[in-house]
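*Asks:* Can you look at this prediction? I've put the sequence above it.
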Amino acid sequence: MTESSKPILYSYFRSSCSWRVRIALALKNIDYEMITINLIKDGGQQFSKEFQALNPMKQVPALKIDGITISQSLAIIEYLEETRPTPRLLPQDPKKRAHVRMISDLIASGIQPLQNLSVLNQVGQENQLTWAQQVIASGFNALEQVLQSTAGKCCVGDEVSMADLCLVPQVANADRYKVDLSPYPTISRINKSLLALEAFQVSHPSRQPDTPPELRA
Ligand SMILES: O=C(O)/C=C\C(=O)CC(=O)CC(=O)O
């Protein structure tokens, strides 16, 4: 492969959705280049004409790969799974696969969008923390119950899946917004064991090229 054919990930260190994709790329050992999009600086670099041409939703992540541009983290992860299947991030068994997608969607549609930057800006500065805590806690109440029947070492059984790529970044957001994690022992246990894995460490928000010095590991 020539240099120019490497995939390009548009990423922001603290974006939980970007982190999902960084974990997938690390697990699948895919070499890529990163272009960082600062969601705060200059009013948000995601609003530039250049970036909007890549993703009209003005959100990270976006991945340029194999001649196409893909946005939406789960669509990116599913594309990587279909084109670079090893190691697998979706189980072979249809029931387990459904559970992985169910948990991924619970987080990616049911929690994260309710606490993302654009929504927090809408609820106003003084309500942001309470709002984020409420939506994360309400989602985690459901997730904890789901995991009690699906989890082994990971969200679904003992193998790392797309669901785990959603879980760990969402727990980091919960930490950031000071959500009390004591009611969620299963979520906490899985998060801790996944954070020990190399792919989750190299992709961590504290270790990205655009991580500010004060937030570096
Ligand atoms: O405050 C900032 O630094 C800006 C944006 C983020 O962290 C990313 C989000 O909007 C939240 C998320 O990924 O869930």
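*Replies:* In hand now; what should we look at? Numbers count the residues shown, from 1 in each chain.
*Asks:* what comes into contact with stretch 112-119?
*Replies:* When contacts are defined by Cβ atoms under 8 Å, 6 or more residues apart in numbering, stretch 112-119 is touched by residues 16, 17, 39, 131, 132, 135, 136, 139, 166, 170, 173, 177. For the C-beta atoms, the positions are set from N, CA and C on the backbone; glycine is no exception.
*Asks:* contacting residues for the residue lying closest to the second one once chain neighbours are set aside?
*Replies:* For residue 17, ignoring the flanking residues on the chain, the nearest one in space by Cβ to Cβ, 6 or more residues apart in numbering is residue 73 at 4.3 Å. In this structure, residue 73 makes contact with 17, 18, 20, 21, 61, 108, judged by Cβ under 8 Å, 6+ apart.
*Asks:* One more: residue 27?
*Replies:* Contacts of residue 27 (Cβ under 8 Å, 6+ apart): 87, 89, 160, 199.
*Asks:* Among the contacts of stretch 112-119, find me the one that's closest to residue 192.
*Replies:* Within the contacts of stretch 112-119, proximity to residue 192 (Cβ to Cβ) peaks at residue 170, which comes in at 14.2 Å.
*Asks:* For the strand or helix carrying the closest one, which residues meet the burial criterion?
*Replies:* Using DSSP states H and E, residue 170 falls within helix 162-176. For helix 162-176, the neighbour count (16 or more other Cβ atoms under 10 Å) marks 162-174 as buried.
*Asks:* go on, stretch 33-53?
*Replies:* Neighbour-count burial for stretch 33-53 flags 34, 35, 36, 37, 39, 44, 45, 46, 51 (criterion: 16+ other Cβ under 10 Å).
*Asks:* Next step: these restricted to strands.
*Replies:* 34, 35, 36 (DSSP state E).
*Asks:* Okay, and the beta partners of the last one?
*Replies:* Listed beta-bridge partners, residue 36: residue 11 (assigned using DSSP bridges).
*Asks:* For it, report the pLDDT, please.
*Replies:* Per-residue pLDDT puts residue 36 at 98.
*Asks:* about what we covered before: any idea how far the residue nearest to residue 17 lies from residue 42?
*Replies:* 24 Å (Cβ to Cβ, to the nearest Å).
*Asks:* One more: residue 34?
*Replies:* Computed as Cβ to Cβ, the residue 34 to residue 42 distance reads 19 Å.
*Asks:* Among the contacts of residue 27, which pair sits farthest apart?
*Replies:* Maximum distance among the contacts of residue 27 (Cβ to Cβ): 10.8 Å, for 89 and 199.
*Asks:* who has more neighbours, those two?
*Replies:* Of the pair residue 89 and residue 199, residue 89 is the one with more neighbours under other Cβ atoms under 10 Å, namely 24 against 19.
*Asks:* how about the nearest residue in space to that one that is not next to it in sequence, what does it touch?
*Replies:* Distances taken as Cβ to Cβ, 6+ apart place residue 162 nearest to residue 89, at 4.8 Å, with adjacent residues excluded. By Cβ under 8 Å, 6+ apart, residue 162 lies in contact with 24, 74, 77, 78, 81, 89, 90, 100, 101, 104.
*Asks:* Just confirm the third one contacts residue 21, I think it does.
*Replies:* Which is residue 77. Yes. The pair residue 77 / residue 21 is scored as a contact, 6.5 Å apart, by Cβ atoms under 8 Å.
*Asks:* burial of the residue lying closest to residue 158 once chain neighbours are set aside, as a residue count?
*Replies:* Using Cβ to Cβ, 6+ apart and skipping residues adjacent in sequence, the residue nearest residue 158 is residue 152, 4.1 Å away. Residues lying near residue 152 (other Cβ under 10 Å) number 11.
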